[in-house]
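>>> coords below, sequence missing:
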């Protein structure tokens, strides 16, 4: 079982979508594009993603195997360091930008990229009560997150956030 971002290689897998959210591009604050409020893919011409693909082609599909990676970076701190130096740009769901603000990185919406969808996935041949329970629980957590995001913040919550 796993939580995967679409698009992914779904051969041999069943999956259930959980959440969708906008995709942002992370780029160095020194990049001239960081001064803009919204970008499109054509604006990213000449920049590369982590795998070395041209950024103006959009978010790359996940590697089909662990051997398909072109550039060694396996975790977010390494990826963020590469972004901060201007070596790459990185496409990330909006929730990543909210959780990982960094002074050297500007996150910008990309108008012509589809939303990112998080899915729970499992092998097609697995039909166990534990898998079914996990899928139900993941769906319930996602639904609760969506419901919470749609509710306006109370004045008390707003005051706590400002403090």
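Okay, I see it. The model shown is predicted, which means the values in this text are computed figures rather than measured ones.
>>> which residues does the top helix by length along the chain contact?
As assigned by DSSP state H, the longest helix anywhere in the chain is helix 129-150. Contacts of helix 129-150 from elsewhere in the structure, counted by CB atoms under 8 Å, 6 or more residues apart in numbering, are 1, 3, 16, 18-19, 118, 120, 122. C-beta: built from backbone N, CA, C; applies to glycine.
>>> mind running it again at 10 Å?
Under the contact criterion CB atoms under 10 Å, 6 or more residues apart in numbering, helix 129-150 has outside partners 1, 3, 14-21, 95, 118-123, 126, 128.
>>> now the helices for this structure?
All helices of the chain, identified by DSSP H, fall at 76-84, 94-99, 129-150, 155-162.
>>> centre of the chain to the longest one, how far?
Same thing as helix 129-150. Its chain's average C-alpha position is 19 Å from that of helix 129-150, according to CA atoms, centre = their mean, to the nearest Å.
>>> repeat that for the second one.
Relative to the mean C-alpha coordinate of its chain, helix 94-99 is positioned 8 Å out (CA atoms, centre = their mean).
>>> against which helices or strands is that helix packed?
Judged by 3 or more CB pairs under 10 Å, 6 or more residues apart in numbering; DSSP states H and E, helix 94-99 is in contact with strand 13-21, strand 23-28, helix 76-84, strand 90-93, strand 105-109, strand 116-123.
>>> re earlier: pLDDT of the longest helix of the chain, averaged?
Taken as a whole, helix 129-150 has an average pLDDT of 88.
>>> flag every buried residue along that helix.
Within helix 129-150, the residues scored as buried using 16 or more other CB atoms under 10 Å are 135, 138, 142.
>>> how does the chain divide into domains?
For the chain, the structural domains run 1-20+117-155, 23-114, going by automatic domain parsing.
>>> most tightly packed of those?
Among those, domain 23-114 has the highest mean neighbour count (mean count of other CB atoms under 10 Å), at a mean of 16.
>>> quick one: contacts for the closest residue to residue 103 other than its chain neighbours?
Residue nearest to residue 103 in three dimensions, not counting chain neighbours: residue 29, with 7.2 Å by CB to CB, 6 or more residues apart in numbering. Residues counted as contacts of residue 29 (CB under 10 Å, 6+ apart) are 35, 83-84, 86, 102-106.
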